[in-house]
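*Asks:* when you get a sec, could you give me coordinates for this:
(one chain, ligands or ions: 1)
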Amino acid sequence: RRVRIDVVTIFPGYLAPLREALLGRAIEAGLVELGVHDLRDWTHDVHQAVDDSPYGGGPGMVMRPQVWGEALDAVLAAGPARLVVPTPAGRPFTQATAQAWAGEERLVFACGRYEGIDQRVVDSYAARMPVDEVSIGDYVLVGGEVAVMVMVEAVVRLLPGVLGNPVSAQEDSFSDGLLEGPAYTRPVSWRGLDVPEVLRSGNHAAIARWRRDRALERTAARRPDLLDALPEDALDRADRAF
Ligand SMILES: N#Cc1c(-c2ccc3ccn(Cc4ccc(CN5CCCCC5)cc4)c3c2)n[nH]c1N
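*Replies:* Numbers count the residues shown, from 1 in each chain. Next up is the predicted model:
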């Protein structure tokens, strides 16, 4: 199965890294088709204006609906898609979102800049297709391009054939609801720091117990919200020590 991804932006160069490495190989393998479009290709004025002052006042500029309408009509003409609009005011983008979108045939990303895109763009397309206004986290970026990079990577890595070891897509650190614990490889001693003995013991039950303890410890320390979100039966007696 393949997915077609289109991105509309005033900074097409910002999306160049999508063609590198893992994603580049997925594109070469024909698992992903990627189209990056310059929004200014759909302006008609000599200044290629894409923004204007906000009605009601307020800081900054807002992106004009007409240009976005022509660009998205052109890109969406190729067939039905889910329209994704990154915004600080969006619903949280999570692994569950990535999993859901990995099943889509087409994703179109509208990258805003300035203070965002005139709301009528989202409203007009929401009438005829799925439109998701999403945020990748509680911090403020300057535009949607970086968010699109994050979301495209999170989605594409879930597509069959993209990752060398697909099982890891299922066993993602968030699959058992805990953060993953520490990982080690050779050498056994490095700058006076040794690999924990248990990991070299060959005692797989002890190793599994140690790893779960480290994951619980780390989750309790860094993401207590994940612990609170665990289903009642997720922690056994040994787990409750943390
Ligand atoms: N995903 C995601 C994002 C984004 C994101 C996504 C898309 C765009 C398009 C433009 N910007 C810039 C921007 C920045 C702040 C504000 C809020 N205003 C500030 C001044 C007073 C009024 C409110 C609006 C627009 C974007 C930011 N930021 N953080 C995420 N997780």
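*Asks:* where in this structure is the helix or strand with the lowest mean pLDDT?
*Replies:* helix 167-170 (a mean of 56; mean pLDDT, DSSP states H and E).
*Asks:* run a quick neighbour tally on Glu105.
*Replies:* Around Glu105 there are 12 other residues, counting by other C-beta atoms under 10 Å. Every residue, glycine included, has its C-beta placed from N, CA and C.
*Asks:* my bad, should have said Met149
*Replies:* 19.
*Asks:* spit out the contact partners of it.
*Replies:* Shown in contact with Met149 (C-beta atoms under 8 Å, 6 or more residues apart in numbering): Tyr14, Leu15, Pro17, Leu18.
*Asks:* so which of these comes closest to the ligand?
*Replies:* The closest of the contacts of Met149 to the ligand turns out to be Tyr14 (C-beta to the nearest ligand atom; 12.2 Å).
*Asks:* anything in the strand ranked longest in the chain near the ligand?
*Replies:* Across the chain, the longest stretch assigned as strand under DSSP state E is strand 82-92. Yes. Legend: contact between strand 82-92 and the ligand by C-beta under 6 Å from any ligand atom is shown at Pro86, Thr87, Pro88, Gly90.
*Asks:* contacts only, for the residue nearest to the spatial centre of the chain.
*Replies:* Nearest to the geometric centre of the chain sits Met151, at 2.3 Å (C-alpha atoms, centre = their mean). By C-beta under 8 Å, 6+ apart, Met151 lies in contact with Val84, Pro86, Phe93, Thr97, Ala98, Trp101, Phe109, Val134, Ile136.
*Asks:* most neighbours, which of the residues you listed?
*Replies:* Top of those by neighbour number is Val84, holding 28 neighbours under the definition other C-beta under 10 Å.
*Asks:* so what's the backbone phi/psi at Ala206?
*Replies:* Note on Ala206: backbone dihedrals following degrees, to the nearest 10 are phi -70, psi -40.
*Asks:* that one: what's it in contact with?
*Replies:* Contacts here follow C-beta under 8 Å, 6+ apart; on that basis Ala206 touches Val198.
*Asks:* Val84 touches Cys111, doesn't it?
*Replies:* No. With contacts counted by C-beta atoms under 8 Å, Val84 stays clear of Cys111, the gap being 9.8 Å.
*Asks:* quick check: neighbours shared by the two?
*Replies:* With C-beta under 8 Å, 6+ apart as the test, Val84 and Cys111 both reach Val148.
*Asks:* ok, and what's touching stretch 215-234?
*Replies:* Asp176, Gly177, Leu178, Leu179, Glu180, Gly181, Pro182, Leu235, Asp239, Ala241, Phe242.
*Asks:* near the ligand, list only the ones from these.
*Replies:* Among the contacts of stretch 215-234, the ligand is touched by none when using C-beta under 6 Å from any ligand atom.
*Asks:* helix, strand or coil for Gly164?
*Replies:* The assignment at Gly164 comes out as coil when based on DSSP: H, G, I helix; E, B strand; the rest coil.
*Asks:* give the burial count for it, as a bare number.
*Replies:* Close neighbours of Gly164, defined as other C-beta under 10 Å, add up to 8.
*Asks:* and Val155, by the same measure?
*Replies:* What Val155 shows, counting by other C-beta under 10 Å, is a neighbour count of 24.
*Asks:* could you do Ala238 as well?
*Replies:* Residues lying near Ala238 (other C-beta under 10 Å) number 11.
*Asks:* next: the one 4 residues further on.
*Replies:* Counted with other C-beta under 10 Å, the burial measure for Phe242 works out to 16 neighbours.
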